[in-house]
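K.L.:
give the three-dimensional model of this entry:
(one chain, ligands or ions: 1)
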Amino acid sequence: MTPPHGEQIESWDLVIVGAGPAGAATALGALARAPGLRVLLLDRADFPRDKCCGDGIAPHVLDVLASVGVRDATDGWTPLRRLELSRDQHRVTGRLARPVWVIPREVFDARLVERAVAAGAVLRRHRVSEVRRVDGGIVLDDRIGARILVGADGAHSVVRSSLSSLSRGCRALAIRGYSPTPETRRGRQIIRYGDRRQPSYAWAFDRGDGLTNVGYGEFVDEHRSPDRGGPTRAILLEQLDRLLPGSVADGDAWRAHHLPLSGWRWRQPDGPVLLAGDAAGLINPMTGEGIYYAVATGVLAGRTASRALDAGSPSAAGAAHRSAVRGLLGRHLKHTWVASRLTRLPVVVDAGIRAAGRSQHVFDSLVELGLGDGRITPRLTGGLASGLVSGLTTRPPLPRRR
Ligand SMILES: Cc1cc2nc3c(=O)[nH]c(=O)nc-3n(C[C@H](O)[C@H](O)[C@H](O)COP(=O)(O)OP(=O)(O)OC[C@H]3O[C@@H](n4cnc5c(N)ncnc54)[C@H](O)[C@@H]3O)c2cc1C
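P.N.:
All right, here's what the predicted structure looks like:
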């Protein structure tokens with residue numbers, strides 16, 4: 001590696017920017033395969049740190065973590081088995097095939113970072129501001145050299161911005177807070193769809209410790225938002241209180257954040273710079289869930305990086321990561337993209353709720369599409385179609401013409 005101005009550059013096999021779920025999972029994936037690798041995990045924050053989120057942890061996240069030896073990420077927290085979906089007068093409450101967890105990110109992310117450090121990663125507080133390609137690798141801020149770099153630095157990724165071939169995709173904006181759990185919301189995840197730009201919904205996720213994570217988010221139409229950033233905090237809170245009355249008055253710790261939604265086709269350039277999680281633009285456009293994609297693509301990035309280093313070809317890592325992620329999520333992402341377009345129509349949301357109320361299969365398939373790596377199957381399509389038809393046929397009669 002060529003030092004730019006003659007100063008010392010420290011050199012690492014793998015540098016990961018961002019120590020959220022994607023970054024910690026990258027370190028775990030790399031070190032599970034090659035424990036001797038020199039891995040540096042950088043984050044601008046000290047851990048534990050808060051992250052604005054609904055805190056919902058899908059069971060798929062735990063499957064991925066178990067594959068890299070982490071089996072205690074949810075210890076001490078209560079699993080939830082009931083999910084309620086509603087819009088206007090339509091409502092369904094169903095039992096989840098597999099439980100979900102609601103764990104504050106301050107706790108969950110710090111646990112993953114601890115496991116990554118225990119596996120051998122070096123954690124350092126450092127805000128990366130410049131990424132430069134040089135002969136033989138990448139240099140960060142003129143000081144830190146990497147043979148392979150993974151950008152896991154979230155929705156406003158500096159590493160992604162350094163890859164000029166990637167454009168920014170669609171976004172949502174959401175706010176979350178914590179409020180005491182009323183008896184009526186205990187033991188469940190509640191999602192209530194709104195009527196602004198879809199996806200738009202309010203949620204109340206019981207943490208099981210007396211507090212509930214409450215929030216509201218909606219799609220950002222960058223052409224219509226005056227500041228191109230999305231709705232104001234006042235609008236987000238007003239929508240939350242309208243959809244789930246009483247959530248705002250008792251809440252605190254309000255924070256809002258952008259969600260980079262996944263599109264029809266996922267992109268990853270060739271070369272030694274890989275992306276994972278939000279930095280890779282991977283949030284489910286139907287539901288806003290991103291932790292599963294973050295840990296799944298993180299582990300894949302870590303494994304791919306370690307393989308490419310073993311083979312002495314770091315610059316082959318980008319193409320290998322693209323193919324691994326597309327192999328795991330490619331079809332699913334296309335299906336969620338289609339589903340997110342369809343659910344912009346309120347009649348489709350209503351049909352889904354009706355169909356999920358009638359069929360456990362439809363309910364389970366919608367959950368799988370929203371939380372994990374599900375697909376739009378023929379049976380799900382059939383269920384939705386019959387929900388749509390029954391909605392049309394059970395509409396109140398039009399007033400007669402006089
Ligand atoms: C309001 C809201 C609700 C959500 N609810 C859910 C939910 O219930 N379930 C779910 O699965 N997903 C949810 N998501 C999505 C989820 O939060 C993200 O998909 C997830 O955090 C992605 O993890 P990550 O590791 O890619 O990024 P992050 O968790 O954002 O981590 C990125 C890390 O990079 C660090 N960083 C950033 N820039 C730099 C820099 N320049 N230098 C060094 N470090 C840097 C940050 O400090 C941070 O620690 C929600 C998102 C929002 C906004």
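K.L.:
counting neighbours, what do you get for the spatially closest residue to Pro182 that is not a sequence neighbour?
P.N.:
With sequence-adjacent residues excluded and distances taken as CB to CB, 6 or more residues apart in numbering, Pro182 is closest to Gly246, at 7.5 Å. No exception for glycine: its C-beta is placed from N, CA and C like everyone else's. Look at Gly246: counted by other CB atoms under 10 Å, it has 13 neighbours.
K.L.:
in which helix or strand does Gly246 reside?
P.N.:
Of the helices and strands defined by DSSP states H and E, none includes Gly246.
K.L.:
can you check Ser11 too?
P.N.:
Using DSSP H and E, Ser11 sits in strand 10-17.
K.L.:
pLDDT averaged over that strand - what is it?
P.N.:
For strand 10-17, mean pLDDT is 98.
K.L.:
and it, what does it pack against?
P.N.:
Contacts defined by 3 or more CB pairs under 8 Å, 6 or more residues apart in numbering; DSSP states H and E place strand 10-17 against helix 21-33, strand 39-43, strand 137-140, strand 144-151, helix 291-310.
K.L.:
anything in the last one near the ligand?
P.N.:
Yes - contact between helix 291-310 and the ligand is present through 291-292, 294 (criterion: CB under 6 Å from any ligand atom).
K.L.:
same check on the shortest one?
P.N.:
No - Strand 137-140 is not in contact with the ligand by CB under 6 Å from any ligand atom; minimum separation 8.8 Å.
K.L.:
tell me the strands beside that strand, with direction?
P.N.:
Its sheet considered, strand 137-140 pairs with strand 131-134 (antiparallel), strand 144-151 (antiparallel) by DSSP bridges.
K.L.:
quick one on the thing from earlier: quick one: contacts of the strand holding Ser11?
P.N.:
The set of residues external to strand 10-17 that reach it, using CB atoms under 8 Å, 6 or more residues apart in numbering, is 1, 23, 26-27, 30, 37-43, 121, 128, 137-138, 140, 143-153, 157-159, 302, 305-306, 309.
K.L.:
give the pairing partners of it; include direction for each.
P.N.:
Using DSSP bridges, the strands paired with strand 10-17 are strand 39-43 (parallel), strand 144-151 (parallel).
K.L.:
could you tell me the angle between it and helix 291-310?
P.N.:
Orientation check (axes from the mean of the first three to the mean of the last three CA atoms, to 10 degrees): strand 10-17 against helix 291-310 gives 160 degrees.
K.L.:
between strand 10-17 and helix 21-33, how big is the angle?
P.N.:
Using the same axes, to 10 degrees: strand 10-17 against helix 21-33 is 130 degrees.
K.L.:
buried stuff in strand 10-17?
P.N.:
By 16 or more other CB atoms under 10 Å, the buried positions in strand 10-17 come out as 11-17.
K.L.:
still on that earlier bit, compare the residues of helix 291-310 next to the ligand and tell me which has the most neighbours.
P.N.:
Neighbour-wise, the residues of helix 291-310 next to the ligand (other CB under 10 Å) top out at Ala294, 30 neighbours.
K.L.:
rewinding a little: take the buried residues of strand 10-17 and lay them out in a markdown table including distance to Ile103.
P.N.:
Listed next are the buried residues of strand 10-17 as a markdown table, based on distance: CB to CB, whole Å:
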| residue | distance to Ile103 |
| --- | --- |
| Ser11 | 36 |
| Trp12 | 30 |
| Asp13 | 31 |
| Leu14 | 27 |
| Val15 | 28 |
| Ile16 | 22 |
| Val17 | 24 |
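K.L.:
can you pull the residues of the protein lying near the ligand?
P.N.:
17-23, 42-45, 51-56, 127-128, 152-154, 158, 174, 176, 215, 217, 257, 259, 277-279, 283, 288-292, 294.
K.L.:
just the buried residues out of these, in PyMOL syntax.
P.N.:
To isolate the buried members of the residues of the chain next to the ligand in PyMOL, using 16+ other CB under 10 Å:
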select buried, resi 17+18+19+20+21+22+23+42+43+44+51+52+53+54+55+56+128+152+153+154+158+174+176+215+217+257+259+277+278+279+283+288+289+290+291+292+294
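K.L.:
quick one: end-to-end distance for stretch 98-107.
P.N.:
End-to-end distance for stretch 98-107, by CA to CA, to the nearest Å: 22 Å.
K.L.:
mean confidence (pLDDT) on it, please.
P.N.:
Computed over stretch 98-107, the average pLDDT equals 98.
K.L.:
which residues outside that stretch are in contact with it?
P.N.:
Residues contacting stretch 98-107 (CB under 8 Å, 6+ apart): 48-51, 53-59, 73-74, 77-81, 83, 189, 205-208, 213, 371.
K.L.:
now the longest helix along the chain: buried residues?
P.N.:
Using DSSP state H, we find that the single longest helix of the chain is helix 317-342. Within helix 317-342, the residues that count as buried by 16+ other CB under 10 Å are 317-318, 320-322, 324-325, 328-329, 332-337, 339-340, 342.
K.L.:
next, the buried residues of the helix or strand just after it.
P.N.:
Toward the C-terminus, helix 317-342 is succeeded by helix 346-358 as the next helix or strand (DSSP H and E). For helix 346-358, the neighbour count (16+ other CB under 10 Å) marks 348-357 as buried.
K.L.:
break this structure into its domains for me.
P.N.:
The record's domain split for the chain, according to automatic domain parsing, is 10-76+104-168+263-336, 171-260, 346-394.
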